[in-house]
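# A structural model of the following input is requested.
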Amino acid sequence: MLNTAHLSLEQAPPISIPFRFFLTAPLFGAAAGVVLIWAGDAAMVSRWSPIVLALTHLITLGFLTMVMCGAMMQMLPVLAGSPVPGAGPVGTLSHLALSLGTGALVHAFIQGSAGWMKLAVLLLGVGFGIFAVAVGLALARVKLSSPTVTGMRWALVSLVITVVLGALVSVGLFGVVSLNNLAAYTDLHLGWGLLGWMGILLIGVSYQVVPMFQVTPEYPKLMQERLTPSLLFGLVGWFLFETGVIRGYWSPLVPGCWMLLVTAGYPWFAGTTLRIQRLRKRQVSDVTLRFWRVGLIGILSGYLVWLIGRVFPDAATAPRYPLLLGILLFLGGVFPLVNGMLYKIVPFLSWFHLQNRQLALGAFHVKLPHMKGFIADREAKLQFHLYLAALFLALAALFWPVFFTRPAGAFLVLTNLMLGYNLLRAVMRYRGTKALLNPLDSH
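Numbers count the residues shown, from 1 in each chain. Predicted coordinates:
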């Protein structure tokens, strides 16, 4: 049984706010698959190809960040008791700007258009600006902090830095401004996005959702108190060291050695999560657990590949090395973790909102669906197997791109469409039950 005594919906935004972010994410994931089918083996040439840049941002911006923004807007009021000011307009405007901005960015990469890039930077800047200011105010107002709230704070700082660096790299890539050592700034942008915004937020949220939904022991107190602040401190140091390299102050070995220390926190988190999952009270494997295990193994595998590149620099210069690293960390790591979270967060929010509404209206004649009643296990398992096929085909495409790239794209389309279908079914079940609770107010 879930312990919800410490959770509150009194100041939460309308459930339609997070739902619109969640339902949009699979559409961008499917769009990534369409681009992969269209491009074929040309997508496996180099990390710098326009196709790879477009695919990367469809996954990171269109899917992962879309889900994370929606989750933060809902979780802050529920977990921390601090509402996002103007949640309705903020959610609507930021969602619209981020959706349009991501589309414009992808179009700019594929077409090589400086005009579309300027539009993308403007839209994404507005969308992230509105989101960051509103969520930042909510975080500043939290009275009783927690490891999850701390993780959210440092993740938001990382997001702002990621967006600024991304805007700088984008205008430099298209010659709008002159930018020396574009590759170094790109690595900074990628590092802050993956290790800061996504990594720190996932770790902070995991402190709450893993014990709550997977009925595991709590994470070690040392990890909860120290890991996310240490990661942010490490990323700041890396930024300063990399800036010194760009300006010729010292050797690239300095930030490289520093990052060996910083990145050790992520396998520590992944290994600890796998350990406490083995100690869970309910020894029944579900789809969420399977997604999490794949994601955690993906993080550990990506870390191992990254270490190999540090120890053997010649291996890191291979054209497909960064592509392998990207597939393991994004498609094999963060993507399944977020996917698995969706299968718990969406049913939980639906059930929790309905339960509170039932208590408020006294409509006890209506039987609420259980959490597992919002998304059928059979459909969720099918989507998981489609995802696994997409992941393994993407890895195979690195070595045999002519044969496997387009099938990988096809399964990426299918798994995201199936995810979107499952989430939409949950939303429709929520709306149908809400209408039964109060027929006069069914919207």
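# shaky segments in the stretch 101-250 of the chain?
175-178 (pLDDT under 70).
# what do you get for the stretch 301-443 of the chain?
The model of the stretch 301-443 of the chain has pLDDT under 70 over residues 439-443.
# which residues in it form helices?
313-316, 321-326, 335-361, 377-399, 401-437 (DSSP state H, counting those that start in this stretch).
# The stretch 1-150 of the chain too?
16-39, 50-57, 66-80, 87-111, 114-140, 147-173.
# would you put the C-alpha positions of the first one in PDB?
Output for helix 16-39, consisting of C-alpha atoms alone and laid out as PDB, is shown next (Å, rounded to 0.1, in the frame of the first residue of the first chain):
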ATOM      1  CA  SER A  16      -4.200  18.500 -17.600                       C
ATOM      2  CA  ILE A  17      -1.000  20.400 -17.200                       C
ATOM      3  CA  PRO A  18       1.400  17.500 -16.600                       C
ATOM      4  CA  PHE A  19      -0.700  15.300 -18.900                       C
ATOM      5  CA  ARG A  20      -0.200  17.500 -21.900                       C
ATOM      6  CA  PHE A  21       3.600  17.300 -21.400                       C
ATOM      7  CA  PHE A  22       3.400  13.500 -21.000                       C
ATOM      8  CA  LEU A  23       1.200  12.900 -24.000                       C
ATOM      9  CA  THR A  24       3.400  15.100 -26.200                       C
ATOM     10  CA  ALA A  25       6.600  13.300 -25.400                       C
ATOM     11  CA  PRO A  26       5.900  10.000 -27.300                       C
ATOM     12  CA  LEU A  27       5.000  12.100 -30.400                       C
ATOM     13  CA  PHE A  28       8.500  13.500 -30.500                       C
ATOM     14  CA  GLY A  29       9.900  10.000 -29.800                       C
ATOM     15  CA  ALA A  30       8.000   8.700 -32.800                       C
ATOM     16  CA  ALA A  31       9.200  11.600 -34.900                       C
ATOM     17  CA  ALA A  32      12.800  10.500 -34.000                       C
ATOM     18  CA  GLY A  33      12.000   7.100 -35.500                       C
ATOM     19  CA  VAL A  34      10.600   8.700 -38.600                       C
ATOM     20  CA  VAL A  35      13.700  10.700 -39.100                       C
ATOM     21  CA  LEU A  36      15.800   7.500 -38.700                       C
ATOM     22  CA  ILE A  37      13.800   5.700 -41.300                       C
ATOM     23  CA  TRP A  38      14.000   8.600 -43.700                       C
ATOM     24  CA  ALA A  39      17.800   9.100 -43.200                       C
END
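# Just give me how far that helix sits from the chain centre.
13 Å (C-alpha atoms, centre = their mean, to the nearest Å).
# Could you do the third one as well?
Centroid separation between helix 66-80 and its chain, computed with C-alpha atoms, centre = their mean, is 12 Å.
# try the fifth one
Remark: helix 114-140 is offset 17 Å from the chain centroid, using C-alpha atoms, centre = their mean.
# How about the last one?
Remark: helix 147-173 is offset 13 Å from the chain centroid, using C-alpha atoms, centre = their mean.
# next SSE after that helix?
helix 182-191 (DSSP states H and E).
# For the helix or strand just after that following helix, which helices and strands make contact with it?
The C-terminal neighbour of helix 182-191 among helices and strands, as given by DSSP H and E, is helix 199-214. Contact analysis of helix 199-214 by 3 or more C-beta pairs under 8 Å, 6 or more residues apart in numbering; DSSP states H and E lists helix 66-80, helix 147-173, helix 221-246, helix 265-278, helix 287-311, helix 335-361 as its packing neighbours. For every residue, glycine as well, the C-beta is placed using N, CA and C.
# The last one vs helix 265-278, what angle?
Right, helix 335-361. 60 degrees (axes from the mean of the first three to the mean of the last three C-alpha atoms, to 10 degrees).
# Any figure for the gap between the residue nearest the centre of the chain and Cys257?
The residue lying closest to the centre of the chain (C-alpha atoms, centre = their mean) is Leu64, at 3.1 Å. Distance, Leu64 to Cys257, by C-beta to C-beta, to the nearest Å: 29 Å.
# now swap in Val106 and tell me
Taken as C-beta to C-beta, the span from Val106 to Cys257 is 36 Å.
# Looking at these two, which has the bigger crowd around it?
Each of Val106 and Cys257 has its neighbours counted (other C-beta atoms under 10 Å); Val106 has more, 25 against 12.
# Tell me, how many residues neighbour the spatially closest residue to Ile15 that is not a sequence neighbour?
Nearest non-adjacent residue to Ile15, counting by C-beta to C-beta, 6 or more residues apart in numbering: His353, 5.1 Å away. Other residues near His353 come to 18 when the count uses other C-beta under 10 Å.
# cool, the one 3 residues further on as well?
Taking other C-beta under 10 Å as the neighbour definition, Asn356 ends up with a count of 16.
# Trp154 too?
22.
# For it, which residues are in contact?
Gly196, Ile200, Gly204, Thr228, Pro229, Leu231, Leu232 (C-beta atoms under 8 Å, 6 or more residues apart in numbering).
# Now do the same contact list for the residue lying closest to the fourth one once chain neighbours are set aside.
Spatial nearest neighbour of Thr228, excluding adjacent residues (C-beta to C-beta, 6+ apart): Gly151 at 4.4 Å. If a contact means C-beta under 8 Å, 6+ apart, then Gly151 has Ile200, Leu201, Ile203, Gly204, Val205, Tyr207, Thr228 as its contacts.
# ok, so what distance separates Gly151 from Gln208?
9 Å.
# Then Pro85?
With C-beta to C-beta as the criterion, Pro85 and Gln208 are 22 Å apart.
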